Structures are given as structure tokens and as C-alpha cells.
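Enquirer: below are the sequence and a predicted model for it; my questions follow.
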Amino acid sequence: MAQLMLVRHAQASFGSEHYDQLSPLGRQQATWLGEYFSARGLRFRRVVAGSLQRQQETAQLMLSAMGQTQAPVQTLVGLNEYPADALYTSYTQGRDALAHQRADARDYWRTFRQAMLAWAGDALDAVPERWNDFGQRVRQAVDLACGDVGRDDVVLVVSSGGAIGRLIADTVGAPAATAIEFNLQFRNTGLCELISASAGLRLISYNAIPHLERSDRRHAITFA
């Protein structure tokens, strides 16, 4: 049974013109997680990430902190996040998401949760990906990441909160509303540990942040 370390990317640049890049704090989060893995003595048989900049940067910084700078990062676009901007635009009928984020971040997230629920209920028009298609491509990507690895191998997968939330909900047989809550509560560089076996995936731990659970790092617990 291979072990799967499923990590959400580090803090990106929420509320900026270019969200898809790590903030300075995000770079530190990724480095700390790599150091944590190194202290555990982990070496990854395979490292996989989506194609988004924030996912790739997170994987590379973690590997650098582990001293595995020569380890290749396999890119699987199936690990990319859902089309958040398109969901928000469809649900709000064209409202400016960035302006909403800057004006009232809490209200933005309340609105976005409703957009997600509408998407999961197949109630949004003009979106590039349906809820069911999203779940299928994430699971297919994870199956590819875990394919052809040995019983005692460890695989690192770096993805995003929505993709991870959907995978975990599907793994435990939870409904769409739970997948959305998993997504919105997932912390940057949060870690899920799973076992990949012939019978499927089994969840061991969810949304853990052992590398941040110290008094001098509480400020580094972020959600966006």
C-alpha cells in the first residue's frame, strides 16, 4: 500500500491582481513543511503537482528544503483548481470579484460559498467545467500519481483546496455540501495522509499543519 501525502499549496496572493503566486509568507510555509518532512526522514518516490504557479512553487520550495532539488516534479493538470472566477461571475451575473474581495472579504466568501453550492447543484450556466467532471478529473489525476509505485513508497501530491476537498469527500462518501466545507476550511500547506491500495483510497489524516503548530508560527496559519 503506497502512502499519499496530499498538500494544499501555500498562501497565494488573495486580493491582488495576480492571485496565482505565493506571498512571502506562503514561501515560508512551504519551506517549513519541507523541513518537517525532512525531519521525519521522508523521501518521495514521486512528486506531482498541478500546473498552477502556486502549486508548482510550493512543490519546489518543499523539495529544496528537503535537499531534493534534483527530484523532478511531474505536472498533472487534473490537480488544478476548479474555475473559481467563472463560478463567481456566473452566480453574481458579472460582479467584479477582485473589487468584492477588497471591499469585504467575508461577504465575498459568503457569496462564493453560495456560488459553489449552485455549481454543485448544476444550477450555473456558462461555466467551463461541471461539478461531476471536476471530481472525475481530480480522482483520475491522483490515480495516475499513485500508479506503478511500490508498497512502501511515498508519493507527494500538491494541489488546491477545492480539489483536495472534493477528493476527500468522495473518499469518505460525503455529499457535495461537505466537499465545499472541506474546501473552505482547508489551510495553506495543510496535509492529508492517505493510503492507496487495491481497494481504493483510505484517509488517515486531514488538514494537518504540524509544521505550523508552535507558538511562534500561529500567525502563519492562513486559508487563502
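Expert: Structure's in. What do you need?
Enquirer: next, the contact list for the residue nearest the centre of the chain, please.
Expert: The geometric centre of the chain, computed from its C-alpha atoms, lies nearest to Ser160 (CA atoms, centre = their mean), at 2.0 Å. Ser160 sits next to Arg8, His9, Gly50, Leu52, Arg54, Gln55, Leu79, Asn80, Glu81 when contact means CB atoms under 8 Å, 6 or more residues apart in numbering. C-beta coordinates here come from the backbone N, C-alpha and C atoms, glycine included.
Enquirer: repeat for Asp152
Expert: With CB under 8 Å, 6+ apart, Asp152 has these contacts: Ala2, Gln3.
Enquirer: measure it to Leu42 for me?
Expert: 12 Å (CB to CB, to the nearest Å).
Enquirer: what's the answer for Gly200, then?
Expert: Counting by CB to CB, the gap from Gly200 to Leu42 is 23 Å.
Enquirer: between these two, which one's more packed in?
Expert: Comparing Gly200 with Leu42 by other CB atoms under 10 Å, the one with more neighbours is Leu42, at 15 against 12.
Enquirer: that one - nearest residue in space that isn't next to it in sequence?
Expert: On the basis of CB to CB, 6 or more residues apart in numbering, the spatially nearest residue to Leu42 that is not a chain neighbour turns out to be Val154, at 5.9 Å.
Enquirer: wait, that neighbour touches Phe37, no?
Expert: No. Counting by CB atoms under 8 Å, Val154 stays clear of Phe37, with 9.2 Å between them.
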